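I would like the atomic coordinates for the input below:
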Amino acid sequence: MSAASSWTPDRVQILIRLWRDGLSASQIARALAGGVTRSAVIGKIHRLGLSGRAMPSPPPMRPRPEIRPRPMLQRTAAMRPPRTATLEPAEPPSEIGSATVLTFAAASAAGPSATR
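All right, here's what the predicted structure looks like:
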């Protein structure tokens, strides 16, 4: 650090005042001039124990979106599932030699030799 940019007591007091006023490290470095960088300002702030702000800036307030309840959906006749007819059990085949799906399934499960 050159003699022009050393931390004199006056420059330290300016740094402290500007930091407490809420200026950023970049703004303080420009105000101090004389070869002081943003990193030098941040380092000095930490060495002085000034890492916290005296008056933190509040976060920007965003309005909360209005929460509207959803309307209840009214079921209409067109939306209802169709009613199913009551099915009666099928009668077994009366003819000898007639086949159903179940008899074909049983024969194919036994293998091709079972049907010969």
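
which strands and helices sit next to the top helix by length along the chain?
The residue-count maximum for a helix in the chain (DSSP state H) belongs to helix 9-20. Where contact means 3 or more Cβ pairs under 8 Å, 6 or more residues apart in numbering; DSSP states H and E, helix 9-20 is packed against helix 25-32, helix 38-47. C-beta: built from backbone N, CA, C; applies to glycine.

Run through this protein and note the low-pLDDT ranges.
In the predicted model of the chain, residues 1-5, 52-57, 75-78, 90, 92-100, 102-116 satisfy pLDDT under 70.

ok, residue 61 - contacts?
Contacts for residue 61 (Cβ atoms under 8 Å, 6 or more residues apart in numbering) come out as none.

where's it, which helix or strand?
For residue 61, there is no host helix or strand (DSSP states H and E).

try the one 3 residues further on
Secondary-structure element containing residue 64, defined by DSSP H and E: none, the residue being outside all helices and strands.

ok, residue 36 - how many residues close by?
Residues near residue 36, counting by other Cβ atoms under 10 Å, number 22.

and the angle for the longest helix of the chain with helix 38-47?
90 degrees (axes from the mean of the first three to the mean of the last three Cα atoms, to 10 degrees).
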